[in-house]
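Student: Got a predicted structure plus its sequence, pasted below:
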Amino acid sequence: MGLKAGHLIVGVLALAACSRQPEPEELGPGAVAERAISEAAMSAGVSENNILNCTVPVSKGLSAKAITDIYRGQARINVIRGLEGEVSRTVVLYPKMPQRRGEVWFWDAAMTQVSDLSLAPTATEWVGPGGVRLGATLKAVEAANGKPFVLMGFGWEAGGTVVDFRGGKLAHLDGCALKLRFGVPDKAALPEALRGDHPLRSDDKAFAEVAPVVSELRLTWPQGAE
């Protein structure tokens, strides 16, 4: 083999090595999260800063330490003390930004496995699965789900909570579950048929008189191994 040909092969191999994309296991949690956010944003057609799904802004396998490392300066540990002295800890994301504030809960005291991510009522910038976000209407959520769903009647402690997506698109997420609760702007105008501890279909004609919107949005992950 000639000297020039040998140099050419070496150069090609070097270029291939430089252009090879690292596998996920070769990346730290921050890089993995950034890749997931970028891919999810491209798929959803929205800003990557606003994506909310089963892998971003957090995923089940991230520990509290990993989350605070990824969101340097935008995440802090929060200590919650119960009435009987019990203590639990969460991670608050974007604590100084009401429009993005969220709280991450964990299955274990060591904070190594995420159980829930709940949005603050003011966190309207996040775009969740199917484009669902805080403030979304019944019709918007029906469209995202691809069919009507079931929620509880209003006027009691679990009022407006979605209990069944009836096999729609929002019932089949990749690794987590979407939990929603609807609120009504004017409870005084709420028809009697929509009040009380009983299930309602989102396409009930009684909803034509009111305009419920998503008031609580949460993602939950199952406990245990991936």
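Tutor: Right, received. Where do you want to start?

Student: Got the phi and psi for E209?
Tutor: Dihedral pair for E209: phi -90, psi -10, per degrees, to the nearest 10.

Student: residues in contact with it?
Tutor: A189, P191 (C-beta atoms under 8 Å, 6 or more residues apart in numbering). Glycine gets a C-beta too; all of them are placed from N, C-alpha and C.

Student: Retrieve the pLDDT associated with it.
Tutor: Reported pLDDT at E209 in the predicted model: 84.

Student: how close does it get to L190?
Tutor: Using C-beta to C-beta, to the nearest Å, E209 is found at 8 Å from L190.

Student: same question, Q74
Tutor: Separation of Q74 from L190 (C-beta to C-beta): 38 Å.

Student: So these two - more neighbours on which side?
Tutor: Legend: neighbour count by other C-beta atoms under 10 Å for Q74 and L190, higher for L190 (19 against 16).

Student: For the more buried one, give me its contacts.
Tutor: Neighbouring residues of L190 by C-beta under 8 Å, 6+ apart: F154, G155, V184, V210.

Student: Try it again at 10 Å.
Tutor: Applying C-beta atoms under 10 Å, 6 or more residues apart in numbering, we find L190 in contact with G153, F154, G155, G159, V184, A206, E209, V210, P212.

Student: of those residues, the lowest pLDDT goes to which?
Tutor: Lowest confidence among these: E209, with 84.

Student: how about the strands of this structure, start to end?
Tutor: 75-81, 87-93, 102-106, 114-119, 150-152, 162-164, 177-183, 199-201, 213-220 (DSSP state E).

Student: So which elements touch the fourth one?
Tutor: Using 3 or more C-beta pairs under 10 Å, 6 or more residues apart in numbering; DSSP states H and E as the contact criterion, the elements in contact with strand 114-119 are helix 64-70, strand 87-93, strand 102-106, strand 177-183, strand 213-220.

Student: now the ones you listed in CSV, with mean neighbour count and distance to D164?
Tutor: As requested, the helices and strands packed on strand 114-119 are arranged in CSV below (neighbours: other C-beta atoms under 10 Å; distance: least, C-beta to C-beta, whole Å):
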stretch, mean neighbour count, distance to D164
helix 64-70, 19, 31
strand 87-93, 18, 28
strand 102-106, 21, 23
strand 177-183, 19, 11
strand 213-220, 20, 15
